[in-house]
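Chemist: Okay, sequence plus prediction incoming.
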Amino acid sequence: MNSNVLLSERDMQFLLYDVHAVDELTAFDYFSDHDRETFEQFLSACKRFARERMWPSYKQMDKEVPSFGEDARSGQRAICVHPRMGELYSQLANLGVLAASRPYDVGGSQLPITVSTAAMTWLMAGNLSAAGFAFLTTGAAHLVEAFGDTWLRTHFMKPMYAGRFTGTMALTEPHAGSSLADIRTSATHDSGGRYRIRGSKIFISGGANNFSDNIVHLTLARIEDSPAGTRGVSLFAVPKLRPEGDQWVPNDVQASQLIEKIGWKGLPSVVLDYGSEDDCIGWLVGRPNDGLSHMFQMMNEARILVGANAVATASVGYQESLEYAKSRPQGRLIDTEKGSTGPQVPIAQHPDVRRMLLRQKCIVTGGLSLVLETAKYQDIAAHGSSLTVRERAQILADFMTPLAKTFPAEWGYEANTLAVQVHGGYGYSSEYVVEALLRDQKLNSIHEGTTGLQGLDLLGRKILRDRGHGLQLWLETILGDLALAQATESPELKEYAAVLRAFVSQVQVTLRNLSSRTSLSSMLSHSTDMLLALCSFAVGWQWLKIVTQAERAADGGLQGTKCPHIRGLRHCAQYWFATEIPVAVAQLTRVDVADSSFLDCSLDSL
């Protein structure tokens, strides 16, 4: 497989240090041991590993998928992953990826989440399946760290952070799907914090492997006589092997079925059966009946990382199509004299190909900026200088999470279709990697809550139920950036700021209109339109911030319009405001108009 730079180093550095000023976080006590040099040491190590070790194995893992076979260590029938997966995972652990942002006292490096997210973006660009094992394990270990007792931390958290155990999140059940209020997996008290677990889960990513010493499934289940619905759901740590004295013995939790997926093929997705022999033990994590609120910690972390993965997958496709378009000769320029027999030109010189390349660049860079902005609010929420600062940042992080997950997933899929399109007929052949990336990308709009669920969460919970508080705080933050842009001497920044300010006004009118409706269904029927409109607007905000910093960089001696990097950023912003913000305005209008055709039609008319 050919080489691929995976991500633009210039864009990553510009976003981290110029646009989002990640080095400012070192003013917080928690990050005081760090500086730009330590950030770059970690990022550079992850970048090299992604390019040199992970990327060369990506296509192999897409073709040689997990399957049932004989586990060489136990001699038993088990799901076996690609032979290189264990080696890659061990090296990820040695890099410090698993506990990068966690405290020193649990074996972490106390790096900002912004930096660890940037590093994970590199790794996911290299091989999303290997990186998937890592970020799922980190999330599971963090759950035990946050809510588990000393015994659970010793037996499960520490081995996960050390790379000996892997971890999963086990929520979905075959009959319930995303409706967690309807889960049936049961927990019967055994002794102490031990419970006997019975039930099944489906679509559990990383739920089986043959390289780790153990797998810890962070599982939602219902304790007997608990309240109905989500209020009766508890969280349990259910290991594949459980400790009994000084031994680790099988715990009656089995991966009984392997899901055949269109993408993320190196990361097995399985059906888990608990307690088929009535000998599955789980340990309560946190408070009884608060399992869903505990699990939301991991779910929200995973949503941002799914967004980062979607950016990474779109970026790899963009880099593939860019190099292909530069080197593939075909046809002649439109204004070439008819009948000319001169040499063909690279397809990158044709207008429509240039459009597809620029659009991919807009999506990748804008999406990455949105993910990093959200991650930085997570850092401030956890370690900010005052309670007021932390609470404000938490509200913004929560509000932006569905945007940071949805934009890269939805627009990233479009970017990957454009990468295939640039390749023409070669794009849909398995000889070129862009078709595999397209398959991978589709899963990101489904993982960790579909786009429709993200829309309901944003409009239903974070806007209407919250009486618009999070939305208003977010809009005020954006208006502050618009004021800075309008105070510059740049005509283009003034124009972009005016466009976004008008959109803010339209959002406020829409919110008032929604609040006046009498039924919940009429309020939420266009929640996906609202989500998509705010996604595009959010990336317009990011492009305003990017170009504002580009102006400052130009004034600081980066040759202004003569610098290709700065020039490319300006072209992206110009394109986004010319093509995408008008679409967002139309989507917001759909929310106002509230067309009910799909609600009014009966099922037999579909």
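Modeler: Here it is on my side, so go on.
Chemist: these two touch, right, Leu599 and His526?
Modeler: No - counting by C-beta atoms under 8 Å, Leu599 sits too far from His526 to count as a contact (10.2 Å). In short, each C-beta sits where N, CA and C put it, glycine included.
Chemist: Compare those two (neighbour count), which wins?
Modeler: His526 (25 against 10; other C-beta atoms under 10 Å).
Chemist: May I have the phi/psi pair for the more buried one?
Modeler: phi -110, psi 40 (degrees, to the nearest 10).
Chemist: again, but for Glu64
Modeler: Dihedral angles for Glu64 - degrees, to the nearest 10 - are phi -100, psi 80.
Chemist: Tell me how many other residues crowd it.
Modeler: Around Glu64 there are 15 residues (other C-beta under 10 Å).
Chemist: Surely it touches His82?
Modeler: Yes - using C-beta under 8 Å, Glu64 is in contact with His82, at 5.5 Å.
Chemist: Summarise which helices and strands the helix or strand where Gly307 lies is packed against.
Modeler: Following DSSP states H and E, one finds Gly307 within helix 291-327. Helix 291-327 sits against helix 113-126, helix 128-147, strand 165-170, strand 214-223, strand 234-239, helix 351-383, helix 387-422, helix 434-442, with contacts defined as 3 or more C-beta pairs under 8 Å, 6 or more residues apart in numbering; DSSP states H and E.
Chemist: now the last one and helix 128-147, what's the angle there?
Modeler: By that I understand helix 434-442. Using axes from the mean of the first three to the mean of the last three C-alpha atoms, to 10 degrees, the inter-axis angle of helix 434-442 relative to helix 128-147 is 20 degrees.
Chemist: Give the rounded mean pLDDT of helix 434-442.
Modeler: Taken as a whole, helix 434-442 has a mean pLDDT of 98.
Chemist: try stretch 36-56
Modeler: 98.
Chemist: Report the distance from that stretch to the chain centre.
Modeler: 19 Å (C-alpha atoms, centre = their mean, to the nearest Å).
Chemist: Okay, buried residues for that stretch please.
Modeler: 39, 42-43, 45-47, 49-51, 53-55 (16 or more other C-beta atoms under 10 Å).
Chemist: same question, stretch 9-18
Modeler: In terms of neighbour count (16+ other C-beta under 10 Å), stretch 9-18 has its buried residues at 11-12, 14-18.
Chemist: Kindly report the same for stretch 181-192.
Modeler: For stretch 181-192, using 16+ other C-beta under 10 Å, the buried residues are 183, 185-187.
Chemist: for the stretch 151-300 of the chain, what spans make up the helices?
Modeler: 158-162, 291-327 (DSSP state H, counting those that start in this stretch).
Chemist: Export those as a markdown table, with columns for distance to Met530.
Modeler: Below are those laid out as a markdown table (distance: least, C-beta to C-beta, whole Å):
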| stretch | distance to Met530 |
| --- | --- |
| helix 158-162 | 38 |
| helix 291-327 | 18 |
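Chemist: Quick one: closest of those helices to Ile380.
Modeler: helix 291-327 (14.3 Å; C-beta to C-beta).
Chemist: tell me which residues of that closest one are tucked away?
Modeler: In helix 291-327, counting by 16+ other C-beta under 10 Å, buried: 291-292, 294-295, 297-322, 324-325.
Chemist: Mean pLDDT and distance to Pro268 added to the helices of the stretch 151-300 of the chain, as JSON lines?
Modeler: Rendered in JSON lines, the data for the helices of the stretch 151-300 of the chain read as follows (pLDDT from 0 to 100; distance: least, C-beta to C-beta, whole Å):
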{"stretch": "helix 158-162", "mean pLDDT": "98", "distance to Pro268": "18"}
{"stretch": "helix 291-327", "mean pLDDT": "96", "distance to Pro268": "17"}
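Chemist: contacts for stretch 101-117?
Modeler: Applying C-beta atoms under 8 Å, 6 or more residues apart in numbering, the contact partners of stretch 101-117 are 16, 20, 22, 25, 30-31, 33-34, 38-39, 42-43, 96-97, 99-100, 138, 141-142, 145, 153, 157-158, 161-162, 304-305, 308, 371-372, 375-376, 378-379, 382.
Chemist: just to revisit the earlier point, chain center to the helix holding Gly307: distance?
Modeler: 5 Å.
Chemist: what's the angle from it to helix 351-383?
Modeler: 150 degrees.
Chemist: which residues are in contact with the lowest-mean-pLDDT helix or strand in the chain?
Modeler: None of the helices or strands of the chain scores lower by mean pLDDT, DSSP states H and E than helix 520-524, at a mean of 86. For helix 520-524, the surrounding residues in contact (C-beta under 8 Å, 6+ apart) are 456, 459-460, 464, 514, 517, 594, 596, 599.
Chemist: Buried ones in that helix, by neighbour count?
Modeler: Residues of helix 520-524 classed as buried: 523-524 (neighbour count, 16+ other C-beta under 10 Å).
Chemist: mind listing what's buried in the helix or strand following that helix?
Modeler: Next helix or strand after helix 520-524 toward the C-terminus (DSSP H and E): helix 527-555. For helix 527-555, the neighbour count (16+ other C-beta under 10 Å) marks 527-551, 553-554 as buried.
Chemist: and if you look at stretch 74-81?
Modeler: So stretch 74-81, judged by 16+ other C-beta under 10 Å, has buried residues 78-81.
Chemist: can you check stretch 105-112 too?
Modeler: Those buried within stretch 105-112 under the rule 16+ other C-beta under 10 Å are 108-112.
Chemist: In strands, which of the residues you listed appear?
Modeler: Among these, no residue falls in strands (DSSP state E).
Chemist: circling back to that earlier point, what would the buried residues of stretch 36-56 look like in a markdown table with secondary structure?
Modeler: Listed next are the buried residues of stretch 36-56 as a markdown table, based on DSSP: H, G, I helix; E, B strand; the rest coil:
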| residue | secondary structure |
| --- | --- |
| Phe39 | helix |
| Phe42 | helix |
| Leu43 | helix |
| Ala45 | helix |
| Cys46 | helix |
| Lys47 | helix |
| Phe49 | helix |
| Ala50 | helix |
| Arg51 | helix |
| Arg53 | helix |
| Met54 | helix |
| Trp55 | helix |
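Chemist: Would you mind putting these into JSON lines with distance to Tyr104 alongside?
Modeler: Compiled in JSON lines, the buried residues of stretch 36-56 are given as follows (distance: C-beta to C-beta, whole Å):
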{"residue": "Phe39", "distance to Tyr104": "17"}
{"residue": "Phe42", "distance to Tyr104": "15"}
{"residue": "Leu43", "distance to Tyr104": "20"}
{"residue": "Ala45", "distance to Tyr104": "19"}
{"residue": "Cys46", "distance to Tyr104": "20"}
{"residue": "Lys47", "distance to Tyr104": "24"}
{"residue": "Phe49", "distance to Tyr104": "23"}
{"residue": "Ala50", "distance to Tyr104": "26"}
{"residue": "Arg51", "distance to Tyr104": "29"}
{"residue": "Arg53", "distance to Tyr104": "27"}
{"residue": "Met54", "distance to Tyr104": "27"}
{"residue": "Trp55", "distance to Tyr104": "31"}
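Chemist: and which of the buried residues of stretch 181-192 is nearest Gly331?
Modeler: Ile183 (57.1 Å).
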